[in-house]
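>>> just to be clear, the model below is a prediction. Sequence and coordinates:
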Amino acid sequence: MNPQTLEFSQVSFGFDDWPHVLLNASWHVPAGEFHCLLGRSGCGKTTLLKLAAGLLTPQSGQVLWHGELVLQPMPDVGFVFQTPTLLHWLSVLDNVLLPIKLHRACTPQEQQRALDVLSQMGLAALLHQRPSQLSGGQQSRVAIARALMTEPALLLMDEPFAALDALTREDLQTELRQWVKRLGTSVVFVTHDISEAVFLADHVAVMNQGCIAQDVQIQAPLRDKSWRYSPPFVQHCAALRAALDDVSLLA
Amino acid sequence: MTKRNTPSTSKQVTLVMSAALCVCALILWEWLVRAKGISALVLPAPSSIALTLWQGLRSGYLWPHMLQTLAEWAAGLSLGCVLGFVGGLVLGEVSLVRQIALPYIVTSQVVPKLALAPLFIVWFGFGALPTVVMTALICFFPLLENTMTAVSQADAQQLDLFRMLRASRWATLVQLKLPQGLPTVLTGLRMAVVLAWVGAVVGEFTTASKGLGALIIAAQGSMDTALMFAVLVLITALGWVSYQACGVFERFVLRQTGFLKR
Amino acid sequence: MTFIQRVGFILLAVMSCWGQAQAQVQAQSGNKTDKFTVAGWSKPITEITNLLVEEDKGFFKAKGIDLAYAPGAGGGDALRNLLSGQADVAFTDPGSLFAALDKGEKLRVVYDIYPQNVFNVVSLKSANITKPADLKGKRIGVYSLSSGTRQNLQVLLHQAGLSESDVTVVVTGLLNFAPLIQGQVDATAATDTGLWVGRQKGLGEVNVMEVKNFLNVSSDFFVVREDTYQQKKDLIKRFLQAYRDSAKWMMQSPQEAADLAVKFAIDGQNPSANLEIIKLRNASSVSALTQKRGLGTVDVETLQKAARAYKAFGLIQNDLNMSEVVRLDLLPAP
């Protein structure tokens, strides 16, 4: 049984109007690690994420999840979209239980697990509210809770905090790290925000010209508020900034 | 003292203005008929229409006809809704069926139904059935069109979500597309409710011995134009009530499903 | 999903209740009596009250017949419903009958309902139309293109050497005096009852040309298909006996008929108006021939004359032998 790793092997993909979104991209995400995919807006990060999810299939090369070809969405992979994409006709609780209820009735244990997750996020009082009654930050939390409901081995996240205000974003970044580390979930987190990448990631992959140009390891003793303003943090940000600006870096 | 223009005040004001306009129009009509001496055959006065309506309701003359048309409306609407909704689902989901069937469905709408009435008599006999079928034929189309549209209204991200959750095609239809398209479907229903009245009344013109449509023809035959207008007023009232009721139902459903704030 | 399920169950319940109600109605009609449907030229109106009062008077039930009435818009409609099998007998006018026979339809005339011609052409006095020839170039209203009013208008025109192409025929529907009053038509083809009602509604001074003064062919007959005539002679006999009884009752008790028309006729709200209309129809149901040989006897000679006239006017193409079409053997004894 192969370890839970995500592997991109010489993957190429393009659209009609954009033929080389990915050009022979290779990448490796080991189990249990938090990887950020950093790049300018429109560089193809979302496309790469969708290839990992099985929502798109590569035109050449292979995407492998624990050794198997990814041709369609896999059961132990979760996805969090750019907007919460909650179903507004369901309550918060039903939204979180959606991955289960789509296929069968949910067990009392699963119901309890949903309640626990929502309590941990501070949303216990909002169980029976409709998504439209929640703030943006609360909706994002619910979307993450939904993705974590099936305890996925891999969580793919496409700039989920981009539409939120700075303060909420920082709170959610802290919480997210705690949740996924507790569960041992591998994460691929797409962002264009350098400080977000440095705060969250164990590894930051810089995407440029259709491939992963650079991989930077981030080591931090503690991922809290003090980390955000420490010298190593600032140095990492500067280095990544330089990497993003450097057009000469090719695969 | 400043006047506060709260929302409820302005709504009351518009209601009063609307009612006043109606009353003015009626007064003008009454005066015109009396002053110009217009024959009752040509244009009866509102007062004679009101009197005919009142007498007809009080004597019990109008009730059996109303109930007949109401029953045909309900049955035709139910049949049309089932056809329209199920048809819309199938045509919305299966593009091959849509490409094959849609030209015929559109043709069925373009053909004037009244012209089909003699054929309906041959196929369905006399009585309520041809009227029910005609009503269904007239009112199913808005629901079909709107359901077809509704099914394609889920956005790409929602569809991706359901793909990620590995939902079956049926689950995606029933748990995403239909709820997402509910407002559109309900709009189609509202249109069908109104059109069904047209179908029921027009269907009765040729095929029925009882009902408001049959009454219109009979009133023409006995040259009782006031009765004809009275029946039209009745049909209008019934249509308006059912439209409002549908609106209430629609708002209730949309509130329950989170499309409207409670 | 639950919402849709709920809606689905409600719909199923409605449909099954409807179906059950229909089944009950059919069961109640029983099989002791024979079903017999009359295809009429109108909705169930006061003129035919004797056909509508079965519930109270039971003339047809007494002869073992479960009577049904199918409405129409003109004699042509009635014949079409007869020929398509929707009805067993048609209440139709000679013009429509000739047209159908001309096309080769196998029909039999079994009863003369109104031996008097009740049709007329009415115009406002101001139009100065006093004879058929005055109709040339005028706009004339008719009930419908398949109605007796149109057929009889053609008879009137051809009497004066005119045809439909010399006038403009306008379909006015049943509310045919309104366009006359408004001046949208110069004359309108109507019936005696229509004219009476029009006069009540303020028609004013009019000139009336009665078709019976030119060709007194009957207004309406009972017509059956050839196959019905061959196979269900007894049933037709019983029907005609029952009809005659009902017609006699209407003649003997017009006030009672007028009162019942309030309940059974769709246009019968006013009993005194009903009485006048019933009296007019009673008068048109009798003639010298029916006095002698009983209600419903067909005057074959006049009918043949009419068929010849229709051929002469070019309204039909073929010669019709009415003595073959008319069958008086099913008429009850006087």
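Done, it's in. Just so you know, these numbers come straight off a predicted model, no measurement behind them.
>>> ok and the residue in chain A nearest chain B?
Of all residues in chain A, residue A:89 sits closest to chain B, at 3.8 Å by Cβ to the nearest Cβ. The way it works is simple: take the backbone N, C-alpha and C, and place the C-beta from them, glycine included.
>>> that residue - how many residues pack around it?
By other Cβ atoms under 10 Å in any protein chain shown, 23 other residues sit near residue A:89.
>>> would you map the helices across chain A?
A:45-53, A:92-101, A:108-120, A:136-148, A:166-183, A:194-200, A:225-228, A:231-245 (DSSP state H).
>>> how close does the residue of chain A closest to chain B get to residue B:251?
Separation of residue A:89 from residue B:251 (Cβ to Cβ, to the nearest Å): 15 Å.
>>> next: residue A:158.
36 Å.
>>> neighbour count for those two, which is higher?
residue A:158 (22 against 13).
>>> grab the nearest non-local neighbour of whichever residue of the stretch 201-334 of chain C sits closest to chain A.
Nearest residue of the stretch 201-334 of chain C to chain A, counting by Cβ to the nearest Cβ: residue C:266, 48.9 Å away. Sequence neighbours aside, residue B:218 is the residue nearest to residue C:266 in space, at 4.0 Å (criterion: Cβ to Cβ, 6 or more residues apart in numbering or on different chains).
>>> burial of the one you found, as a residue count?
27.
>>> mind listing what it touches?
Residue B:218 makes contacts with C:43, C:45, C:266, C:267, as judged by Cβ atoms under 8 Å, 6 or more residues apart in numbering or on different chains.
>>> who are the contact partners of residue C:68?
Per Cβ under 8 Å, 6+ apart, neighbours of residue C:68: B:126, C:35, C:36, C:37, C:38.
>>> same thing but 10 Å
Residue C:68 makes contact with B:125-127, B:209, C:29, C:35-39, C:54, C:60, C:86-88 under the criterion Cβ atoms under 10 Å, 6 or more residues apart in numbering or on different chains.
>>> how far away is it from residue B:65?
For residue C:68, the distance to residue B:65 equals 19 Å [Cβ to Cβ].
>>> repeat that for residue C:206.
As judged by Cβ to Cβ, residue C:206 and residue B:65 stand 32 Å apart.
>>> same check on residue C:137?
The spacing between residue C:137 and residue B:65, counted by Cβ to Cβ, is 42 Å.
>>> tell me which of these two has more neighbours.
Set residue C:137 next to residue B:65 and count neighbours by other Cβ under 10 Å: residue B:65 wins out with 23 against 10.
>>> look up phi and psi at that one.
phi -70, psi -40 (degrees, to the nearest 10).
>>> same check on the one 5 residues further on?
Its backbone dihedrals place residue B:70 at phi -60, psi -40, with angles given as degrees, to the nearest 10.
>>> and residue C:225, by the same measure?
Dihedral pair for residue C:225: phi -70, psi 160, per degrees, to the nearest 10.
>>> the one 10 residues further on too?
Backbone dihedrals for residue C:235, given as degrees, to the nearest 10, come out at phi -60, psi -40.
>>> contacts only, for the residue lying closest to it once chain neighbours are set aside.
Of all residues not flanking residue C:235 in the chain, residue C:34 sits nearest, at 5.6 Å (Cβ to Cβ, 6+ apart). Residue C:34 sits next to C:60, C:63, C:64, C:65, C:66, C:67, C:88, C:232, C:234, C:235, C:238, C:239 when contact means Cβ under 10 Å, 6+ apart.
>>> now, of these, which are buried?
Neighbour counting by 16 or more other Cβ atoms under 10 Å in any protein chain shown classes C:60, C:63, C:65, C:66, C:67, C:88, C:232, C:235, C:238, C:239 among these as buried.
>>> looking at those residues, which is nearest residue C:113?
Using Cβ to Cβ, the shortest approach to residue C:113 within the buried ones among the contacts of residue C:34 belongs to residue C:239, at 12.4 Å.
>>> residues of chain A that sit close to chain C?
Remark: the part of chain A in contact with chain C comprises residue A:89, using Cβ under 10 Å from any Cβ of the partner chain.
>>> can you tell me the centre-most residue of chain A?
Centroid-nearest residue in chain A: residue A:157, 2.2 Å away (criterion: Cα atoms, centre = their mean).
>>> which strand residues bridge that residue?
Residue A:157 forms beta bridges with residue A:80, residue A:189, as assigned by DSSP bridges.
>>> wouldn't residue A:51 be in contact with residue A:9 here?
No - using Cβ atoms under 10 Å, residue A:51 is not in contact with residue A:9, being 11.5 Å away.
>>> tell me the confidence at residue C:23?
What the model reports for residue C:23 is a pLDDT of 57.
>>> what's the closest non-adjacent residue to the residue of chain A closest to chain B?
residue B:257 (3.8 Å).
>>> what residues are up against the one you found?
Counting by Cβ under 10 Å, 6+ apart, residue B:257 makes contact with A:87, A:88, A:89, A:90, A:130, B:179, B:180, B:182, B:183, B:186, C:3.
>>> give the buried residues for stretch A:194-213.
Here stretch A:194-213 shows A:194-208, A:210-213 as buried, counting by 16+ other Cβ under 10 Å.
>>> how far away is residue B:58 from chain C?
Taking Cβ to the nearest Cβ, to the nearest Å as the measure, residue B:58 falls 12 Å from chain C.
>>> that residue: how many residues sit nearby?
9.
>>> and if you look at residue C:104?
7.
>>> isn't it up against residue C:318?
Yes - at 8.5 Å, residue C:104 counts as touching residue C:318 under the criterion of Cβ under 10 Å.
>>> so residue A:207 makes contact with residue A:240?
No - with contact defined as Cβ under 10 Å, residue A:207 does not count as touching residue A:240 (11.5 Å).
>>> hey, what's in contact with both of the two?
A:38, A:214.
>>> so where's chain A shaky on pLDDT?
For chain A, applying pLDDT under 70 flags the ranges A:1-2, A:247-251.
>>> what does it put close to chain B?
Counting by Cβ under 10 Å from any Cβ, the residues of chain A close to chain B are A:50, A:53-55, A:72-75, A:77-91, A:98-103, A:129-133, A:143, A:146-147, A:150, A:156, A:158.
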